[in-house]
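Engineer: Dropping a prediction and its sequence here:
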Amino acid sequence: MAFIAAMALSLAGVPAFAEEPISEPDVNQETPDPLEGLNRLTSGINRAARTLFLNPFAEAYIKLTPPPMQESISNVTNNLTEPLTAVSSALQGDEENAGAAMERFFINTTVGLGGINDEATEMGVVARVEDLGQAAGKGGAGGGAHIVLPILGPSNMRDATGDVINFLVNPLSAASTVQKSITYAENKNSIEAMSRASVDPYITERDAYEQNRRYKIYNGAPPMADFSMGEED
């Protein structure tokens, strides 16, 4: 029942940046947004869906699901994304993280009883999530036009294309959406507070998503050029 509730959380426009700590967007970054009119409409519908459907599910999930079960569900969905992390890391030439991801998948699938327990972390094999969008970004591909997807929330052409390819190759990658939903449930108050405090929630969500993706592409250390855009030499 708890897993069904977690799945339901993924069907109401979860902000894709919710998987990382929320921070104020970098106003110096410019995001290509030729579809802004359509994006704003979709974003508004998603926010309404969150208010009407996602938030009640999130509150019920946190209230009714025992913390140990929440942790187990989170562990299982995380484990299902490890093969994608391995492939994405390998495409970036990051053999260390690719190997760690496969080691984590093997340990948690076997000793961890299908991923219910995160035995790999206990053994010192630390997770660092990667995806095809990150791999493409690290290879020099720009994000392209920002888009807001119905149900799924903020994205861009590069990341959405990577997600589609990944889903076609590995349908189990839908676990990543469930994981984002669980994280949303845990951070709902912070996310909602950020939107309420914003003069323009759409811009806040858009820029937070794009900034978060730049941060993740460079593993927390973006090139200095990213912070000097718009400055004169």
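Structural biologist: Here it is on my side, so go on.

Engineer: switch to C-alpha atoms for all contacts and neighbour counts from now on
Structural biologist: Noted.

Engineer: can you list the weak-confidence ranges in the chain?
Structural biologist: For the chain, the stretches with pLDDT under 70 are 1-29, 172-188, 191, 224-233.

Engineer: Okay, strands next: where are they in it?
Structural biologist: Along the chain, counting by DSSP state E, strands occupy 146-149, 153-156.

Engineer: May I have the strands that pair with the last one, each with its orientation?
Structural biologist: Counting by DSSP bridges, the strands paired with strand 153-156 are strand 146-149 (antiparallel).

Engineer: Provide the contact partners of the strand it pairs with at residue level.
Structural biologist: Strand 146-149 is contacted from outside by 31-36, 39-40, 42-43, 154-157, 206, using Cα atoms under 8 Å, 6 or more residues apart in numbering.

Engineer: Stretch 100-111 now?
Structural biologist: 79-80, 82-83, 85-86, 114-121, 125-128.

Engineer: Stretch 126-142 now?
Structural biologist: So stretch 126-142 is contacted by 82, 84-86, 88-89, 91-92, 97, 100-101, 104, 120-121, 143, 158-163, 166, 213, 216-218 (Cα under 8 Å, 6+ apart).

Engineer: May I see the buried residues of that stretch?
Structural biologist: 127, 129-138 (16 or more other Cα atoms under 10 Å).

Engineer: same deal with stretch 67-74?
Structural biologist: 70, 72-74.

Engineer: Just send those back as TSV, with distance to S198 too.
Structural biologist: Output for those, formatted as TSV (distance: Cα to Cα, whole Å):
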residue	distance to S198
Q70	31
S72	35
I73	32
S74	30
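
Engineer: Over to V199: give its phi and psi.
Structural biologist: As for V199, its main-chain torsions (degrees, to the nearest 10) stand at phi -70, psi -40.

Engineer: which ones are touching it?
Structural biologist: Contacts of V199 by Cα under 8 Å, 6+ apart: none found.

Engineer: Next: G44.
Structural biologist: Y202.

Engineer: ok, back up a step: list buried residues within the contacts of stretch 126-142.
Structural biologist: Buried, going by 16+ other Cα under 10 Å: 82, 84-86, 88-89, 91-92, 97, 100-101, 104, 120, 143, 158-160, 162-163, 166, 213, 216-217, out of the contacts of stretch 126-142.

Engineer: Out of the residues you listed, name the ones that lie in helices.
Structural biologist: 82, 84-86, 88-89, 91, 97, 100-101, 104, 120, 158-160, 162-163, 166, 213, 216-217 (DSSP state H).

Engineer: Now do the helices in the protein.
Structural biologist: 2-9, 36-49, 55-64, 67-80, 82-91, 95-110, 119-122, 132-138, 157-169, 175-197, 201-217.
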